[in-house]
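# need coordinates for the below:
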Amino acid sequence: MNNEQLDLTFSALADSTRRGILEQLANGQATVGELAQPYDMSMAAISKHLKVLEKAGLISRHKEAQWRRCKLEAAPLGGAAAWVQKYKKFWNQQLDQLDEYLNKGDENERHKKN
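Numbers count the residues shown, from 1 in each chain. Take a look at the predicted model:
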């Protein structure tokens, strides 16, 4: 995944409304009206959120009769997850070091009491 795509993905994920829309779409396709239902905002505002998600490649939209149906496109999420995963080793090392430090502190406390 290139940096531009990664930027678009993380930018789209930065908003809780957009993350909520993606959660809804994880359960299957939905119309714009169905996606807007849980939110107290105008259809224009929902449409702007959908445009951001679409530009990031996280959703696709197609017209079906008079409705616009949206579908989750998960590939960019995989790229973002892979980028985050690179830091798992770092955080595991940090947590291991913290665990060692805390265990040494417990040992020192036990020795002081004896």
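# now the spatially most central residue of the chain, nearest residue through space, not along the chain?
Closest to where the C-alpha atoms of the chain average out (CA atoms, centre = their mean) is Leu13, at 5.0 Å. Nearest residue to Leu13, sequence neighbours excluded (CB to CB, 6 or more residues apart in numbering): Arg19, at 6.0 Å. Where C-beta positions appear, they are placed from N, C-alpha and C, glycine not excepted.
# surely the residue nearest to the centre of the chain touches Glu23?
No - counting by CB atoms under 8 Å, Leu13 sits too far from Glu23 to count as a contact (11.4 Å).
# how many residues are close by Ser47?
As a burial measure, Ser47 scores 12 neighbours (other CB atoms under 10 Å).
# which strands or helices does the helix or strand containing it pack on?
Following DSSP states H and E, one finds Ser47 within helix 43-55. With contacts taken as 3 or more CB pairs under 8 Å, 6 or more residues apart in numbering; DSSP states H and E, helix 43-55 sits against helix 3-13, helix 16-25, helix 32-36, strand 59-64.
# quick revisit: quick check, pLDDT for the residue nearest to the centre of the chain.
pLDDT for Leu13: 97.
# check Glu109 too.
Looking at Glu109, the pLDDT reads 67.
# again with Lys48
Per-residue pLDDT puts Lys48 at 97.
# again, but for Ala82
91.
# wait, it sits on Thr9?
No - counting by CB under 8 Å, Ala82 sits too far from Thr9 to count as a contact (11.0 Å).
# kindly format the C-alpha coordinates of the helix holding Ser47 as PDB.
C-alpha atoms of helix 43-55 as PDB (Å, rounded to 0.1, in the frame of the first residue of the first chain):
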ATOM      1  CA  MET A  43     -28.300  13.600   4.600                       C
ATOM      2  CA  ALA A  44     -25.800  16.100   3.100                       C
ATOM      3  CA  ALA A  45     -23.500  15.500   6.100                       C
ATOM      4  CA  ILE A  46     -23.800  11.700   5.700                       C
ATOM      5  CA  SER A  47     -23.100  12.100   2.000                       C
ATOM      6  CA  LYS A  48     -19.900  14.000   2.800                       C
ATOM      7  CA  HIS A  49     -18.800  11.100   5.100                       C
ATOM      8  CA  LEU A  50     -19.600   8.600   2.400                       C
ATOM      9  CA  LYS A  51     -17.600  10.600  -0.200                       C
ATOM     10  CA  VAL A  52     -14.500  10.500   2.100                       C
ATOM     11  CA  LEU A  53     -15.000   6.700   2.600                       C
ATOM     12  CA  GLU A  54     -15.400   6.200  -1.100                       C
ATOM     13  CA  LYS A  55     -12.300   8.300  -2.000                       C
END
